[in-house]
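Undergrad: next one to model:
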Amino acid sequence: MINISEIDFKKSDGLVPCVIQDAQTLQVLMLGYINEESLLKTLESKKVTFFSRTKSRLWTKGEESGNFLNLVSIELDCDKDSLLCLVNPIGPTCHTGSKTCWNNEIKTSFSILEDLEKTIQDRFEKEPENSYITSLKQKGINKIAQKVGEEGVEVVIEALGNNKELFLNESADLLFHYLILLKAKNFALEDVLKVLKDRKKS
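TA: Below is the predicted model:
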């Protein structure tokens with residue numbers, strides 16, 4: 001992943017800045033400082049660990065909040081004195097509760113899927129009355145799977161026609177019900193994306 005001996009820790013008294021970036025959205029989440037010891041712990045634990053300049057000790061992000069930064073990869077810049085960590089964050093990154101330490105959020109074209117998954121999660125947990133998702137959950141996995149099959153057939157039918165609007169609407173229905181099925185099976189879209197990424201590597 002990275003050759004520690006190449007890092008120029010001497011330039012800034014044993015510390016190098018480390019930019020933290022979401023591996024999925026590529027949004028920059030925070031900036032921290034790492035020394036050789038914290039880097040070794042990061043590589044070993046697969047959870048990003050910094051050196052706290054205020055506390056003068058190693059600090060694993062999430063050690064108190066549970067909002068860990070699960071390591072995906074580490075890259076060294078061209079000057080050998082700063083790092084880029086790609087991570088899968090657990091919960092908000094900032095101590096204020098914000099997703100980033102700049103209190104900003106970049107909306108991508110796939111953000112709607114994240115929002116939809118959160119809504120499905122909320123409906124599964126709270127089961128509000130008059131909720132379509134709640135009613136599907138209560139009918140069980142067989143009914144949810146059946147709905148995915150029905151919507152899949154509708155997509156095929158519309159694909160053979162020329163009505164673009166109907167095809168897109170049925171496609172949206174299929175994706176919506178598929179996300180519900182994933183939740184019912186205790187999976188998320190991220191799990192499916194990981195399978196696709198693993199296939200690309202092989």
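Undergrad: what does the least confident helix or strand in the chain by mean pLDDT contact?
TA: Lowest by mean pLDDT, DSSP states H and E among the helices and strands of the chain is helix 189-201, with a mean of 87. Helix 189-201 is contacted from outside by 24, 113, 117, 179, 182, using Cβ atoms under 8 Å, 6 or more residues apart in numbering. All C-beta atoms are positioned from the backbone trio N, CA, C, and that covers glycine.
Undergrad: scan the residues you listed and report the most crowded one.
TA: Highest neighbour count within these: L179, with 21 neighbours (other Cβ atoms under 10 Å).
Undergrad: and it, which of the three is it?
TA: Classification of L179 by DSSP: H, G, I helix; E, B strand; the rest coil places it in helix.
Undergrad: where does pLDDT dip in this structure?
TA: 1, 105-109, 202 (pLDDT under 70).
Undergrad: please redo it, this time with the cut-off set to 90
TA: 1-2, 11-12, 23-26, 95, 97-99, 103-115, 190, 193-194, 197-198, 200-202 (pLDDT under 90).
Undergrad: what's the domain layout of the protein?
TA: 4-89, 111-201 (automatic domain parsing).
Undergrad: for the ones you listed, give me JSON lines that also has distance to G97.
TA: Below are the domains of the chain laid out as JSON lines (distance: least, Cβ to Cβ, whole Å):
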{"stretch": "domain 4-89", "distance to G97": "9"}
{"stretch": "domain 111-201", "distance to G97": "15"}
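Undergrad: who wins for proximity to K99 among these?
TA: The closest of the domains of the chain to K99 is domain 4-89. By Cβ to Cβ, the value is 7.2 Å.
Undergrad: how far does the closest one stretch from one end to the other?
TA: End-to-end distance for domain 4-89: 24 Å, by Cα to Cα, to the nearest Å.
Undergrad: show me what counts as buried in stretch 32-49.
TA: For stretch 32-49, burial by neighbour count (16 or more other Cβ atoms under 10 Å) applies to 32-35, 38-39, 41-42, 47-49.
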